[in-house]
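**Q** How does the following fold in three dimensions:
(one chain, ligands or ions: 2)
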Amino acid sequence: SAELRIRNLEKRFGATNLRPAVDDVSFTIAPGEIVVLLGPSGCGKTTTLRSVAGLEKPTGGTIDIGGERVADPVNKRFVLPQHRNLGMVFQSYAVWPHMTVEQNVAYPLRHRRIGKEQTKRKVDEAIEIVGLGAYRERPVVALSGGQMQRVALARSLVYRPRILLLDEPLSNLDAKLRLRLRDDLRTIIKDAGVTALYVTHDQSEAVVIADRIGVMKDGKLLQLDDAITLYNSPADVFVANFTGAGTLLAGRVERVAHGMALVQLDDVPYSVRTRVPDDTAPGDRVLVSVRPENVHLETERREDGEMAGIVKSLQYEGTQTAYRIMVGDKEVHCTELGTRPRFAPGDTLFVWIPPEVCWAFHAR
Ligand code: ADP
Ligand code: MG
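**A** Ligands and ions are numbered 1, 2, ... in the order given. Predicted coordinates for the structure are as follows:
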């Protein structure tokens, strides 16, 4: 498994006055690490992955795989896909339906000079890793979608690629299979020990599979961090919204020290103690991002202040309840753990946000 290093990657399709599909993207994946690119449709995930594969020629920047420069348009360097030694798994199952699992997995080894015994050993190992040991002799048509995708995975792992590239590999599966394979994928990739670049628009998939997640928007990489950092310290409003639910409350900074500020909210007589960007000053306008699990609902006033609210609606979800609470004119989202809802629509209550759990952005 190799390091992947991307610097200032740019890909333009056609006219230079159009926004590039990939716009000045830089990141490095350590050997054996799994990085997931996450973002809405059209943000440039596939184009980034295809550039690594050599299926697109970048118009700017460089790509290094295991220290070897494989793309550098300025210096006219471009290594063909078949010479990059990468594994690829796509949305559609690129398998031969009438061959057996074993034959499919062995296929990429046919044109490599590898002895029969060694081929068998490699094939067996790849089939074991994806958990299809019992299906070795079956024709692939007899398998479920999830199993076919495991075959595709085994086939891309069998020649020990330097990097594994996966483009929305679960999106053609039904919901149940998708969850099962999602949970297994990380284990499979880690067992294989291969460096992986994985692309998806599904936030929960990214969190389960990734060591680090890169959030993309309009061709740009906005933030690349582990899931916990992304969720708790998003770099901007887009990342905050894309990595989880929440409410944005507008306000004005009263005091600030050591990255923490007291923010007076606009619509209600309430101040939140929140983390803020380093360049925040008193008087600044900010948006405070509040995750629903950080909104506490209380039946009585608190000494340290609270906001009066009224339950607009609720959704019971079995192990938790999601509430929409009206605080003045503002709708605040809240989730509360428990198998029984504590409140009903129309109930009045008090909303409290504990200090220092929120994160604020500069309002523009
Ligand atoms: P994602 O995988 O995040 O959905 P893509 O990388 O497929 O996004 O696409 C990024 C942008 O590049 C989109 O605006 C898309 O329309 C454009 N694009 C992708 N492939 C081509 C192509 N072959 N020719 C022209 N435009 C393309
Ligand atoms: Mg795509």
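
**Q** Pull out the buried positions in stretch 30-48.
**A** The neighbour-count check on stretch 30-48 (16 or more other Cβ atoms under 10 Å) flags 32-39, 43-48 as buried. All C-beta atoms are positioned from the backbone trio N, CA, C, and that covers glycine.

**Q** roughly how far is it from the heart of the chain?
**A** Relative to its chain's centre, stretch 30-48 lies at 8 Å (Cα atoms, centre = their mean, to the nearest Å).

**Q** Which per-residue confidence value corresponds to the residue of the stretch 51-200 of the chain found nearest ligand 1?
**A** Proximity to ligand 1, evaluated over the stretch 51-200 of the chain using Cβ to the nearest ligand atom, is greatest for residue 199 at 6.4 Å. At residue 199, the predicted lDDT confidence score is 97.

**Q** Likewise for residue 342?
**A** Residue 342 is assigned 96 on the pLDDT scale.

**Q** Ligand 1 versus the closest residue to residue 255 other than its chain neighbours, what's the distance?
**A** Among residues not flanking residue 255 along the chain, residue 262 sits closest, at 4.7 Å (Cβ to Cβ, 6 or more residues apart in numbering). Separation of residue 262 from ligand 1 (Cβ to the nearest ligand atom, to the nearest Å): 39 Å.

**Q** Work out the gap between the helix or strand containing residue 262 and the centre of the chain.
**A** Per DSSP states H and E: residue 262 is located in strand 260-265. Offset of strand 260-265 from its chain centre (Cα atoms, centre = their mean): 30 Å.

**Q** That one - contacts with which helices or strands?
**A** Contact partners of strand 260-265 among helices and strands, from 3 or more Cβ pairs under 8 Å, 6 or more residues apart in numbering; DSSP states H and E: strand 247-257, strand 271-275, strand 285-290.

**Q** May I see the buried residues of the last one?
**A** When neighbours are counted by 16+ other Cβ under 10 Å, the buried residues of strand 285-290 are found to be 286, 287, 288, 289, 290.

**Q** ok, so of those residues, who is nearest residue 191?
**A** Comparing the buried residues of strand 285-290 against residue 191 with Cβ to Cβ places residue 289 closest, at 36.8 Å.

**Q** Now for the closest residue to the closest one other than its chain neighbours, how many residues are close by?
**A** Take residue 289 and drop its neighbours on the chain: the residue closest to it by Cβ to Cβ, 6+ apart is residue 240, 4.6 Å away. By the criterion of other Cβ atoms under 10 Å, residue 240 has 23 neighbours.

**Q** Likewise for residue 217?
**A** By the criterion of other Cβ under 10 Å, residue 217 has 18 neighbours.

**Q** so how far is residue 156 from it?
**A** For residue 217, the distance to residue 156 (Cβ to Cβ, to the nearest Å) stands at 29 Å.

**Q** Also residue 108?
**A** To residue 156, residue 108 is 8 Å away according to Cβ to Cβ.

**Q** Likewise for residue 242?
**A** Note on residue 242: its distance to residue 156, by Cβ to Cβ, is 28 Å.

**Q** ok, and what's touching stretch 78-92?
**A** When contacts are defined by Cβ atoms under 8 Å, 6 or more residues apart in numbering, stretch 78-92 is touched by residues 52-55, 57, 65, 68-72, 149, 152-153, 156-157, 159, 161-169, 171-172, 194.

**Q** Which members of these occur in strands, if any?
**A** With DSSP state E as the criterion, strands contain 65, 68, 69, 70, 71, 72, 163, 164, 165, 166, 167 from among those.

**Q** Just the buried residues of the contacts of stretch 78-92.
**A** By 16+ other Cβ under 10 Å, the contacts of stretch 78-92 give 52-54, 65, 70-72, 149, 152-153, 156-157, 161-169, 172, 194 as buried.

**Q** ok, which of the residues you listed also contact ligand 1?
**A** Checked against ligand 1 using Cβ under 6 Å from any ligand atom, these give no members in range.

**Q** could you pull out the helices for the stretch 151-300 of the chain?
**A** 175-192, 203-209, 227-232, 237-242 (DSSP state H, counting those that start in this stretch).

**Q** In JSON lines, list the ones you listed along with distance to ligand 1 and mean pLDDT.
**A** Listed next are the helices of the stretch 151-300 of the chain as JSON lines, based on distance: least, Cβ to the nearest ligand atom, whole Å; pLDDT from 0 to 100:
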{"stretch": "helix 175-192", "distance to ligand 1": "18", "mean pLDDT": "89"}
{"stretch": "helix 203-209", "distance to ligand 1": "13", "mean pLDDT": "94"}
{"stretch": "helix 227-232", "distance to ligand 1": "18", "mean pLDDT": "91"}
{"stretch": "helix 237-242", "distance to ligand 1": "13", "mean pLDDT": "89"}
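
**Q** quick one on the thing from earlier: so what's the residue nearest to residue 289 up against?
**A** Here residue 240 is in contact with 234, 246, 248, 289, 359, 361 (Cβ under 8 Å, 6+ apart).
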